[in-house]
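[1] Predicted model and sequence below, questions to follow.
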Amino acid sequence: MLEQEICLLRKQMEQMFQEEQSFTAHNVIEISSMLDIKINEYMKSNIYKTYP
């Protein structure tokens, strides 16, 4: 499910930030980008449930 994927990616991003101590580290940005995509998918899927 998208919600679970979003939670997992968020945790991975937080962990990677703790390791890198930088929001601009390549690994952090990569996970953040994947998280953005999943959040956008989630928002698109839910807008149709709210506004048919």
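    Alright, I've got the coordinates.

[2] three-state assignment of F23?
    coil (DSSP: H, G, I helix; E, B strand; the rest coil).

[3] mind listing what's buried in the longest helix belonging to the chain?
    Scanning the chain for the helix with the most residues, using DSSP state H, yields helix 26-50. For helix 26-50, the neighbour count (16 or more other Cβ atoms under 10 Å) marks 28, 31-32, 35, 38 as buried. Just so you know, the C-beta spots here come from the backbone N, C-alpha and C atoms, and that holds for glycine as well.

[4] any chance of those residues in TSV, plus pLDDT and distance to M16?
    Below are those laid out as TSV (pLDDT from 0 to 100; distance: Cβ to Cβ, whole Å):
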residue	pLDDT	distance to M16
V28	97	5
I31	97	6
S32	97	9
L35	98	11
K38	97	16
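
[5] tell me the two of those that are most distant?
    Maximum pairwise distance in those, criterion Cβ to Cβ, is 15.8 Å, between V28 and K38.

[6] chain center to the helix or strand hosting K11: distance?
    Per DSSP states H and E: K11 is located in helix 2-20. Centroid separation for helix 2-20 versus its chain: 7 Å, with Cα atoms, centre = their mean, to the nearest Å.

[7] Show me what that helix is packed against.
    Counting contacts by 3 or more Cβ pairs under 8 Å, 6 or more residues apart in numbering; DSSP states H and E, helix 2-20 packs against helix 26-50.

[8] Could you check the angle the helix it packs on makes with helix 2-20?
    Between helix 26-50 and helix 2-20, the angle comes out at 160 degrees (axes from the mean of the first three to the mean of the last three Cα atoms, to 10 degrees).
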